[in-house]
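Student: any chance you could fold what I've pasted below:
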Amino acid sequence: MATGTPEAPPVRSLLAGRRALVTGASSGIGFAVARGLAAAGAAVAVNYHSSREPAEALVEEIRAVGGRAVALGADVSKEEEVAGLIDRTVAEFGGMDVLVANSGIQKDAPVGEMTLADWNAVISLNLTGQFLCCREAIRAFRAAPEPEGRARGAIVCMSSVHELIPWAGHVNYAAAKGGVRMMMQTLAQEVAPERIRVNAIAPGAIRTPINKEAWGTPEALERLLRLIPYGRIGEPEDVARAATWLASDEADYVTGTTMFVDGGMALYPGFVGNG
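Tutor: Residues are numbered from 1 along each chain as shown. Below is the predicted model of the structure:
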C-alpha cells in the first residue's frame, strides 16, 4: 500500500507547440489571454494598435520565463494590415494554429446623438475586423500541412453578453456583437469539414480599464453586482482560462459555440423572485 503524501499530477501544457495570435492584446482581456496562452505553452504574437509599450512588456515577460512571443502592430479594421499581421505571425513562428480575435472598442451614445462616424468605427473594428482576422487565419490554416490527430486550426472570437442582451445607449456595440455571434456560427458550419474549429467567448462584466466607470467606486460596483447572480465581477484571467481551453485539444469536439463567462449575467437576474 502506498504511504505518504500522493504525488501531484503532472502539469499539462495544453498548448505546447501551438502558435497563436491574439489581437488587441496590449491591455485588458487581450493582454490576459495572450499571457494565459503563453503560460499554457503556446508561442504568442501579441498584437497592438496604439499601445506598443505594454505589448512589448508582455513579450519580455513571456520570454523571461522561456516562452516565445513577439509584439506586432496592426489596425485590424484595415484589410491590408490584417493580411500583413497574419503573414508576420506565420513567418515568425513557422505557422499558425490559433487565433483569438479580441480587438474591440466602444463609442457610446443615445441613438439620437450617435454619429455615423461612431457607428462605423465600432462596426469596422468589432465586426469587420473580426471577419478579416478569421478569413486570413482560415487561409493560413488551409495553406499549412494538415496535422495528424488534431484540429487544423482553432479560432476564438471575442463576443459579449450583449450578443444576447440589448444595451440601450450602445446600439453600435450590441449590433457588432450580435453580428459576431452569427458570423462565428456560420464560419464554424462552413469550415468544420476541414477540421477548423470556430467558437466565441461572451464575457460579462470584467474588471478592465474600458469599463472602470461601472466598477471603480463602491456605489458603482454595488449597482453592477445586482446584475451578476454569482456575486462578483469577472477578472480578465477568467476569460483567459476559457480561451485557453477552447484553443486546446480538450475542446476538440466543440465548434460553433459561444461560452458565456459572465457570472450568470445572461440569466436575466431581474426575474429572480418572479420578476
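Student: make it CA atoms for all contacts and neighbour counts henceforth
Tutor: Will do.
Student: mind checking pLDDT for residue 12?
Tutor: Note on residue 12: pLDDT of 53.
Student: and the helices in the stretch 101-250 of the chain?
Tutor: 116-123, 129-143, 171-191, 218-225, 236-247 (DSSP state H, counting those that start in this stretch).
Student: TSV for these, including mean neighbour count, mean pLDDT and distance to residue 159?
Tutor: Shown next, in TSV, are the helices of the stretch 101-250 of the chain (neighbours: other C-alpha atoms under 10 Å; pLDDT from 0 to 100; distance: least, C-alpha to C-alpha, whole Å):
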stretch	mean neighbour count	mean pLDDT	distance to residue 159
helix 116-123	17	98	13
helix 129-143	21	98	10
helix 171-191	20	98	5
helix 218-225	14	92	20
helix 236-247	21	98	11
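Student: among these, which is nearest residue 48?
Tutor: Across the helices of the stretch 101-250 of the chain, the minimum distance to residue 48, taken as C-alpha to C-alpha, is reached by helix 129-143, at 13.4 Å.
Student: need the contact partners of the closest one.
Tutor: For helix 129-143, the external contacting residues (C-alpha atoms under 8 Å, 6 or more residues apart in numbering) are 76-79, 82-83, 86, 90, 95-97, 99, 101-103, 152-153, 155, 157, 180, 183, 196.
Student: again, 6 Å this time
Tutor: 76, 77, 101, 153 (C-alpha atoms under 6 Å, 6 or more residues apart in numbering).
Student: wait, which of those residues is closest to residue 127?
Tutor: Nearest member of the contacts of helix 129-143 to residue 127, counting by C-alpha to C-alpha, is residue 77, at 8.7 Å.
Student: that closest one: neighbour count?
Tutor: Counted with other C-alpha atoms under 10 Å, residues neighbouring residue 77 total 23.
Student: now it: which helix or strand?
Tutor: Under the criterion DSSP states H and E, no helix or strand holds residue 77.
Student: is it true that it touches residue 125?
Tutor: Yes - with contact defined as C-alpha atoms under 6 Å, residue 77 and residue 125 form a contacting pair (4.7 Å).
Student: top of the contacts of helix 129-143 by neighbour count?
Tutor: Neighbour max across the contacts of helix 129-143 (other C-alpha under 10 Å) = residue 76, 30 neighbours.
Student: what distance do you get for that residue to residue 136?
Tutor: Distance of residue 76 to residue 136, given as C-alpha to C-alpha, to the nearest Å: 11 Å.
Student: now what about stretch 64-82, what contacts it?
Tutor: Counting by C-alpha under 6 Å, 6+ apart, 43-49, 55-56, 59, 124-125, 129 sit against stretch 64-82.
Student: distance between the ends of that stretch?
Tutor: Where stretch 64-82 begins and where it ends lie 28 Å apart, using C-alpha to C-alpha.
Student: flag every buried residue along that stretch.
Tutor: Across stretch 64-82, burial judged by 16 or more other C-alpha atoms under 10 Å covers 67-77, 79, 81-82.
Student: in strands, which of those fall?
Tutor: Of the buried residues of stretch 64-82, the ones assigned to strands by DSSP state E are 69, 70, 71, 72, 73.
Student: tabulate those (JSON lines), appending pLDDT.
Tutor: Shown next, in JSON lines, are these (pLDDT from 0 to 100):
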{"residue": "69", "pLDDT": "98"}
{"residue": "70", "pLDDT": "98"}
{"residue": "71", "pLDDT": "98"}
{"residue": "72", "pLDDT": "98"}
{"residue": "73", "pLDDT": "98"}
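Student: picking up where we left off before, mind putting the contacts of helix 129-143 in a markdown table, distance to residue 170 and pLDDT included?
Tutor: Output for those, formatted as a markdown table (distance: C-alpha to C-alpha, whole Å; pLDDT from 0 to 100):
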| residue | distance to residue 170 | pLDDT |
| --- | --- | --- |
| 76 | 21 | 98 |
| 77 | 19 | 98 |
| 101 | 21 | 98 |
| 153 | 33 | 98 |
